[in-house]
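K.L.:
Structure here, sequence nowhere to be found:
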């Protein structure tokens, strides 16, 4: 079984949602990068998640949403994100709309992530996003714990990034 087949099997297997996303991004001409746990997988030992977190440059977000709607994907809008989903997959595309992530796109690089070639935020940017996420008291506690685990995965692979951690995050990791 390939990495792609595995990810799609975990996600319900009827739609290749990551490839559909990549195709729609290309069709929309949208600049993007993956962030979150999937981006951590680009740099550290992979862990399976049903979330595909991504940041898209400005105007590309609405073009992508229009394409997603035309392909039958559900669209839910929240304060700092837009979620896309398919009834044929348990995978969820989460578009981060918080402006702090926009700078990550220009610094991103193509990486192989679970069998897909996609732009991934640099390790230091992924770490910064995870620091923001684990520090967000509005997020569920279980999500913040996963963010801490992702931070550990990154600094085990890139020990030099540990100096980027705020003291309160260091304490939580001890």
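P.N.:
Received the coordinates, thanks. Only a predicted model underlies this, so the values are computations on that prediction, with no experimental measurement involved. Residues are numbered from 1 along each chain as shown.

K.L.:
mind listing what's buried in the lengthiest helix in the chain?
P.N.:
For the chain, the longest helix by residue count, based on DSSP state H, is helix 141-157. Neighbour-count burial for helix 141-157 flags 144, 146-148, 150-151, 153-155 (criterion: 16 or more other Cβ atoms under 10 Å). All C-beta spots, glycine's among them, are computed from the backbone N, C-alpha and C.

K.L.:
which secondary structure elements does that helix contact?
P.N.:
helix 36-43, helix 123-135, helix 167-173 (3 or more Cβ pairs under 8 Å, 6 or more residues apart in numbering; DSSP states H and E).

K.L.:
let's go with 6 Å and repeat that
P.N.:
Where contact means 3 or more Cβ pairs under 6 Å, 6 or more residues apart in numbering; DSSP states H and E, helix 141-157 is packed against helix 36-43, helix 123-135.

K.L.:
just the angle between it and helix 123-135, please?
P.N.:
Comparing the axes of helix 141-157 and helix 123-135 via axes from the mean of the first three to the mean of the last three Cα atoms, to 10 degrees yields an angle of 150 degrees.

K.L.:
contacting residues around helix 141-157?
P.N.:
Outside helix 141-157, the residues that touch it by Cβ atoms under 6 Å, 6 or more residues apart in numbering are 37, 40, 43-44, 127, 130, 133-134, 161-162, 172.

K.L.:
Moving along the chain from the helix or strand of the chain with the lowest mean pLDDT, name the first helix or strand you hit.
P.N.:
One helix or strand of the chain scores below all others by mean pLDDT, DSSP states H and E: helix 3-10, with a mean of 87. Next in sequence after helix 3-10, counting helices and strands by DSSP states H and E, comes helix 17-28.
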